[in-house]
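Visitor: compute the structure for the input listed below.
(2 chains)
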There are 2 protein chains.
Amino acid sequence: MATAALLAIGDELCIGQVTNTNAAWLAQRCGELGFRVVRHAVVGDQLEDILEELHRLWKIAALVLTTGGLGPTHDDRTAEALAQFFGEELQEHPLVRQWLQEQAHHRGIPLSERVLRQALVPASALPLRNPVGQAPGIWIERDGKALLALPGVPAEMQAIVTTAAWDHLRRFRQQLGGSVVTFRTLVTAGIAEAHLADLLGEPASVLPDGVELAFLPSVWGVRLRLTVHAPSWDAAEQLVEQARKRLLERIAPYVIGEGDISLSQAVGELLRQRGETLAVAESCTGGLLGATLTEIPGSSDYFLGGHIVYSNAAKTTFLRVPEELLRRVGAVSREVAELLAQNVRHAFGATYGIGITGIAGPGGGTPQKPVGTVWIGLATPQRVEARHFVFGTDRAANRHRAVAAALTWLYRLMKGMEPQ
Amino acid sequence: MATAALLAIGDELCIGQVTNTNAAWLAQRCGELGFRVVRHAVVGDQLEDILEELHRLWKIAALVLTTGGLGPTHDDRTAEALAQFFGEELQEHPLVRQWLQEQAHHRGIPLSERVLRQALVPASALPLRNPVGQAPGIWIERDGKALLALPGVPAEMQAIVTTAAWDHLRRFRQQLGGSVVTFRTLVTAGIAEAHLADLLGEPASVLPDGVELAFLPSVWGVRLRLTVHAPSWDAAEQLVEQARKRLLERIAPYVIGEGDISLSQAVGELLRQRGETLAVAESCTGGLLGATLTEIPGSSDYFLGGHIVYSNAAKTTFLRVPEELLRRVGAVSREVAELLAQNVRHAFGATYGIGITGIAGPGGGTPQKPVGTVWIGLATPQRVEARHFVFGTDRAANRHRAVAAALTWLYRLMKGMEPQ
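Guide: Below you'll find the predicted structure:
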């Protein structure tokens, strides 16, 4: 079985000073190569702990990838651990010495003893050139298994994997033979995880054999990931396509795209295709809807701008919400949401206007309008409407949910669907 | 020994679709509580793999924290794994049922059978309320060890740890005894890591014995973390206080606060103390400055609102930037930044106005104005000024840096200091 395991080495990771972003990047590359990643582990700089993890992961997986601990200082113990693990001596490798010399020469700096420590690798190891730094990668094959040690600096780790290490990884994967693994992700919006699960029914009865389904919920929506194990890439592709169709038969109206697409990207692409534009009026979200829309490069093609009307006075001055109305129905109301949407649409001359007004919390709630109450208005050239939501009690989550709800509604409207 | 191990559960983590950011956050909290984190692990949704990791980590550590796999769908297997691991039945817990009912009622939606699955916990478990979602935390103590299972959604995980779980973790830590560890964090803004290190000098010569110093850089500034190991809380408190004073002697002008304080919070507190207000005009940040300011509860006391003037037409219509000026000097210029700041200040009747205009990237750069070029204007009752920044090539980082630079400038201005 083509399994892989990842081991990140470093006290800074163990204590949480640095997030281990290398693991996700490496796991994705492993997936592309057809390895099934079965474990990630993080361990500190203690030699005995590193050895313990190497022994464990070498048993579990056909390929072990380590990151970190290859630098020139006293707390870099990976090469030493590998030498002990494989029962070999550490030797200076002439190729690595040459690379380090060339690099020092290129930079016009002397080659220190400390830098040269990075040329010490286990005797049977194949060093892999580091095109952007000093510490080389280390490749070792033994008993039909393989180990690749990489530096912890993400740019260096990535550079080695995509250049010198790639062919070794591919060849080793082919040598292992057996089934391949492939993935497909459907991105949904406007439907809760539990409701989606109900619509889909029991995965075992819906999906072809060999296909697994996972739910990945976030505040923006639920992503559905299909994982396929098959004897060949062709078979995997057929299976995943079959599974994708079966899912779409049940939930197509909620699917906004595939892969890495975000909700603001999906909305942006539709607006661009239709040659339409958007302006926003934000109260409780304070600019978060605008910030989310403008995360996408090229959003100036369809996003014109907006008004952040955090105070009541700003609502009156910039979006002509009558003071009398604010007194009578309150800022968090259908009427105000509709006016915000309609008037910001007019002010910017946009196709669509969105208005958001709500009580993000933690303060400001009342029995009639508890924390989490949000009114969202949506104005089109034909009409204006507002909808009422009650989210939870967490300020940050409420603001994100309001933005997600507004974008989902606009997305569904452009697709000719009922609101979520 | 007060050791801790972290186990993240989920195929999406194993295959690298999602980065395990929970681990670093939890490891930091463990450190604050005086636990030494010795392992992180990630495993997929397969029951036997989860059990294998539970057995291993339970041997290594006094406290095991798991994240993920507590939701309502078929791939959520953590509660089941815990029941098997501890040799107990899964039972519906009346408290969790009540929480789920209250929440469904609050949101005005029916309570489905599927949602109720999240009330199933091992018989001896203490459920911990999830203040922002459904799946509760699960606390189990056995043979002088403890296990805390948390949902994988970061906001939910964090909310449970900082509310219901915190006292259990503290009590359990005290019960374990041994030397204590304490932390203090100084938050700086407006100074680069290397410059800060130069000002501080060699940590060993500056800090008392037993105190370690770590630099935690982010786009918002550099946090300095002091770590103290001592035989008692009193001794630790004395040492950390002594170290804190020595740092402040050297870098006080750059310190905006301690602990978890954010830059927008520090700015907000100053504005509130001074009874002053702020309005913003955003082009390349598209609402991110407003969104950042309004992350803070109570920000309506000092933040009045703003204009998102993403298009040139919006700059002209809402902030009276002459078309002729835009043609002559371009939207990304000192003149436009100053006008945005001055005119948004006037429009909202605020004490201060901030204007941001720049090229976030990846497109839109020229040799004269490369990607990352940002002009920030700051208007006060006395005068208006603009400053020029050149950040990097990453769109998201450039937008965050622009917001951080603007807030840092305003903070320093209110403190009577020169700009950063």
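Visitor: mind listing the strands for the stretch 251-400 of chain A?
Guide: A:255-258, A:278-282, A:303-309, A:352-358, A:373-379, A:384-390 (DSSP state E, counting those that start in this stretch).
Visitor: does the third one come close to chain B?
Guide: Pointing back at strand A:303-309 there. Yes. Strand A:303-309 reaches chain B (CB under 8 Å from any CB of the partner chain) through A:303-309. Bear in mind the C-beta positions are built from the backbone N, C-alpha and C, glycine included.
Visitor: same deal with the fourth one?
Guide: No. On the criterion CB under 8 Å from any CB, strand A:352-358 is out of touch with chain B, staying 11.5 Å away.
Visitor: neighbouring strands of that strand in the sheet, and parallel or not?
Guide: Strand pairing for strand A:352-358, determined by DSSP bridges: strand A:278-282 (parallel), strand A:373-379 (antiparallel).
Visitor: what's the helix or strand hosting residue A:157 packed up against?
Guide: Assigned by DSSP states H and E, residue A:157 falls within helix A:154-160. With contacts defined as 3 or more CB pairs under 8 Å, 6 or more residues apart in numbering or on different chains; DSSP states H and E, helix A:154-160 has these neighbours: helix A:22-33, strand A:145-150.
Visitor: what's in contact with that helix?
Guide: Residues outside helix A:154-160 that contact it (CB atoms under 8 Å, 6 or more residues apart in numbering or on different chains): A:21-22, A:25-26, A:67, A:128-133, A:135-137, A:150-151.
Visitor: and for stretch A:382-393?
Guide: A:334-335, A:337-338, A:341-342, A:353, A:355, A:358, A:361-362, A:370-378, A:397-398, A:401-402, A:405, A:409, A:419, B:103, B:106-108, B:131-133.
Visitor: and residue A:151, what does it touch?
Guide: Applying CB under 8 Å, 6+ apart to residue A:151 gives the contacts A:67-68, A:70-71, A:130, A:133, A:135, A:137, A:157, A:160.
Visitor: before we move on, back to that, and the strands of the stretch 251-400 of chain A as JSON lines, adding mean neighbour count?
Guide: Output for those, formatted as JSON lines (neighbours: other CB atoms under 10 Å in any protein chain shown):
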{"stretch": "strand A:255-258", "mean neighbour count": "18"}
{"stretch": "strand A:278-282", "mean neighbour count": "31"}
{"stretch": "strand A:303-309", "mean neighbour count": "30"}
{"stretch": "strand A:352-358", "mean neighbour count": "28"}
{"stretch": "strand A:373-379", "mean neighbour count": "26"}
{"stretch": "strand A:384-390", "mean neighbour count": "17"}
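Visitor: quick one: least confident helix or strand in chain A?
Guide: Counting by mean pLDDT, DSSP states H and E, chain A has its least confident helix or strand at helix A:203-206, which shows a mean of 84.
Visitor: tell me the helix or strand right after that helix.
Guide: For helix A:203-206, the following helix or strand on the C-terminal side (DSSP H and E) is strand A:211-218.
Visitor: re earlier: buried set for the helix holding residue A:157?
Guide: The neighbour-count check on helix A:154-160 (16 or more other CB atoms under 10 Å in any protein chain shown) flags A:156-160 as buried.
Visitor: what pLDDT, on average, does it get?
Guide: In this model, helix A:154-160 has a mean pLDDT of 90.
Visitor: again with stretch A:33-48
Guide: The predicted model assigns stretch A:33-48 a mean pLDDT of 94.
Visitor: now do it: distance from first to last residue.
Guide: Across stretch A:33-48, the terminal residues are separated by 31 Å (CA to CA, to the nearest Å).
Visitor: now do the helices in the stretch 151-300 of chain A.
Guide: Remark: helices assigned in the stretch 151-300 of chain A by DSSP state H, counting those that start in this stretch are A:154-160, A:166-176, A:193-200, A:203-206, A:233-251, A:263-274, A:288-293.
Visitor: and the contacts of the last one?
Guide: By that I understand helix A:288-293. A:264, A:267-268, A:278, A:280, A:282, A:299, A:303, A:305-306, A:308, A:354, A:356, A:399-400, A:402-403, A:406-407, B:282, B:285-288, B:290-291, B:294, B:308, B:310, B:399.
Visitor: restricting to C-alpha, output it in PDB.
Guide: Extracted in PDB, the C-alpha atoms of helix A:288-293 (Å, rounded to 0.1, in the frame of the first residue of the first chain):
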ATOM      1  CA  LEU A 288     -16.100  42.800   6.300                       C
ATOM      2  CA  LEU A 289     -18.400  42.200   3.200                       C
ATOM      3  CA  GLY A 290     -16.300  44.700   1.200                       C
ATOM      4  CA  ALA A 291     -13.100  43.200   2.500                       C
ATOM      5  CA  THR A 292     -14.200  39.700   1.600                       C
ATOM      6  CA  LEU A 293     -15.200  40.700  -1.900                       C
END
